[in-house]
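Visitor: Next input, structure requested:
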Amino acid sequence: MTRAFILLLVAVFLTGCAGGTTINALRDSDADTIYEAASAAMNRGDWQTAIERLELLQAQYPFGPEATQAQLDVIYTYYRSGDVASAVAAAERFRRINPRHEAVPYTWYMQGVALEEQGEDVIKRFFNIDMAQRDPRPRELAFDAFQTVIDRYPDTQYADDSRERINAIYEESARHELAIAEFYVGLEAWVAAARRATFVIDNYPGTAALERAADILERSYRALELNDLAENLASVRKQGFAQEIADPTLPSTESGEATPAIPGLDNGGRPAPRPGTEGRDEEPVPPGPTEMPSPL
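Guide: Okay, here's the model as predicted:
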């Protein structure tokens, strides 16, 4: 066992040395050679090596088609390596350098994908943690990126998938708010639960969270002995809530709106936090000549 472990360490050491030698050798290579080496690393899923080679190409040959393609590819490789911040920065950098490039819609799309899937990892999936309980801010930014694709580039190949992802984010954001309402129910903090449930009803029509939010609101009214309000709500529920929404939008409290006003309750005027999808398993690869593995 000890001998096998030593052999493994030697193999890792030699691999590291070989990788360093390759990078050093590439410093004297032309743009095509560096790009081919980066593409080879991408094709075998060696994202960190691909990133190093793509960044080297951009540093040594900042102009030309290879550099432009490298700027696109590095967005994808940063995303696949799990470095969301660098993927977003690379997408923004591409748009600054190439504001009229035909691949700009792709950069917005991949920025959204990276942000949408931020915080998803094997551990969370393994333990079946509800992704709606993640920090909502990355989802909000992802929503904005996908909305940009839909609004500015509706005829591109990324528009339809952006719409699907927006709908998923909308549903997850509703579940995020509902989870907070459930938390308050557990504490028997009925005023807070009612406010949060009202927020879901007002801002997330057509989502799966709507009925449960109505349950919480009705239960909160009865716990607070606001039986007239509970009966009125029961009557409204019999008529049914809105089941569809054409263009979902996330509610914004950036200008400091107060929390939802609950009839019969003191609102208090406190600011409400802005709400926060599980990432999909597919995404288009960078447009261009690079041969990439089939999307997962």
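Visitor: Model confidence for Trp47, exactly?
Guide: In this model, Trp47 is scored at 95, pLDDT.
Visitor: OK, contacts around it?
Guide: Counting by Cβ atoms under 8 Å, 6 or more residues apart in numbering, Trp47 touches Ala41, Thr77, Tyr78, Arg80, Ser81. In short, each C-beta sits where N, CA and C put it, glycine included.
Visitor: Could you export stretch 195-206 as PDB, CA atoms only?
Guide: Provided in PDB are the C-alpha atoms of stretch 195-206 (Å, rounded to 0.1, in the frame of the first residue of the first chain):
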ATOM      1  CA  ARG A 195     -46.800  39.500   5.300                       C
ATOM      2  CA  ARG A 196     -44.600  37.000   3.600                       C
ATOM      3  CA  ALA A 197     -47.500  35.000   2.300                       C
ATOM      4  CA  THR A 198     -49.200  38.100   1.000                       C
ATOM      5  CA  PHE A 199     -45.900  39.000  -0.800                       C
ATOM      6  CA  VAL A 200     -46.000  35.600  -2.600                       C
ATOM      7  CA  ILE A 201     -49.700  36.000  -3.600                       C
ATOM      8  CA  ASP A 202     -49.200  39.500  -4.800                       C
ATOM      9  CA  ASN A 203     -45.900  39.000  -6.700                       C
ATOM     10  CA  TYR A 204     -45.900  35.400  -7.900                       C
ATOM     11  CA  PRO A 205     -49.200  34.700  -9.700                       C
ATOM     12  CA  GLY A 206     -49.300  31.400 -11.500                       C
END
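Visitor: So for it, mean pLDDT?
Guide: Mean predicted lDDT for stretch 195-206 stands at 92.
Visitor: Stretch 175-182 now?
Guide: For stretch 175-182, mean pLDDT rounds to 93.
Visitor: So which bits of that stretch are buried?
Guide: By 16 or more other Cβ atoms under 10 Å, the buried positions in stretch 175-182 come out as Arg175, His176, Glu177, Leu178, Ile180, Ala181, Glu182.
Visitor: How about stretch 205-216?
Guide: By 16+ other Cβ under 10 Å, the buried positions in stretch 205-216 come out as Gly206, Thr207, Ala209, Leu210, Arg212, Ala213, Ala214, Ile216.
Visitor: For the fifth one, pull up the helix or strand it's in.
Guide: Translated: Arg212. helix 210-223 (DSSP states H and E).
Visitor: how about the helices in the stretch 51-200 of the chain?
Guide: Taking DSSP state H, counting those that start in this stretch as the test, the helices found in the stretch 51-200 of the chain are 65-81, 84-97, 104-116, 122-126, 136-152, 159-187, 190-203.
Visitor: nearest to Leu57, of these?
Guide: Closest approach to Leu57 among the helices of the stretch 51-200 of the chain is made by helix 65-81 (4.6 Å; Cβ to Cβ).
Visitor: list the helices and strands the closest one packs on?
Guide: Secondary-structure packing of helix 65-81 (3 or more Cβ pairs under 8 Å, 6 or more residues apart in numbering; DSSP states H and E): helix 31-43, helix 47-60, helix 84-97, helix 104-116.
Visitor: Let me know which of these is the nearest to Ile201.
Guide: That would be helix 104-116 among the helices and strands packed on helix 65-81, by Cβ to Cβ, at 25.1 Å.
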